[in-house]
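J.: Sequence below, structure please.
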Amino acid sequence: MPKEILKDIKMNKVVHDTEKKRFYFPSEHGEAELIYSIHEDNPNLLIYSHIFVPKELRGKGISTKLAIFAFNYAITFQKKLFLSCSYLRNKFYPLHQEKYKSIVVDSL
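T.: Next comes the predicted model:
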């Protein structure tokens with residue numbers, strides 16, 4: 001792994017952009033992001049719909065970093081989550097189910 005990419009990962013933090021409804025990880029190599037929406041009938045239900053990580057940053061734990069930040073945000077602000085993103089639903093959540101099961105709902 002090139003040193004500049006490793007430095008990028010260690011130095012940058014996840015940012016929450018409430019206007020665009022996304023959590024993102026800024027980098028010289030592009031932005032990794034987790035996109036969400038707010039359920040139209042329930043403002044306390046967030047729908048986590050998509051994670052994207054640029055090629056140069058893949059395989060370095062960025063999607064996990066974004067997910068942990070986003071799930072902890074939901075806990076802090078007493079939100080429930082619906083996971084329409086396949087990565088979150090099938091890979092991240094099963095590994096962290098004990099910690100997050102109280103905030104994840106099965107259906108909308």
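
J.: Please, which helix or strand holds F23?
T.: Here F23 is covered by strand 22-25, with elements defined by DSSP states H and E.

J.: Help me confirm that S63 comes into contact with L95.
T.: No: with contact defined as C-beta atoms under 8 Å, S63 does not reach L95; the gap is 11.9 Å. All C-beta spots, glycine's among them, are computed from the backbone N, C-alpha and C.

J.: Those two - which one has more neighbours?
T.: Higher neighbour count among S63 and L95: S63, with 22 against 10, using other C-beta atoms under 10 Å.

J.: Give me the secondary structure label for that one.
T.: helix (DSSP: H, G, I helix; E, B strand; the rest coil).

J.: any idea how far I35 is from it?
T.: From S63 over to I35 the distance is 13 Å, taken as C-beta to C-beta, to the nearest Å.
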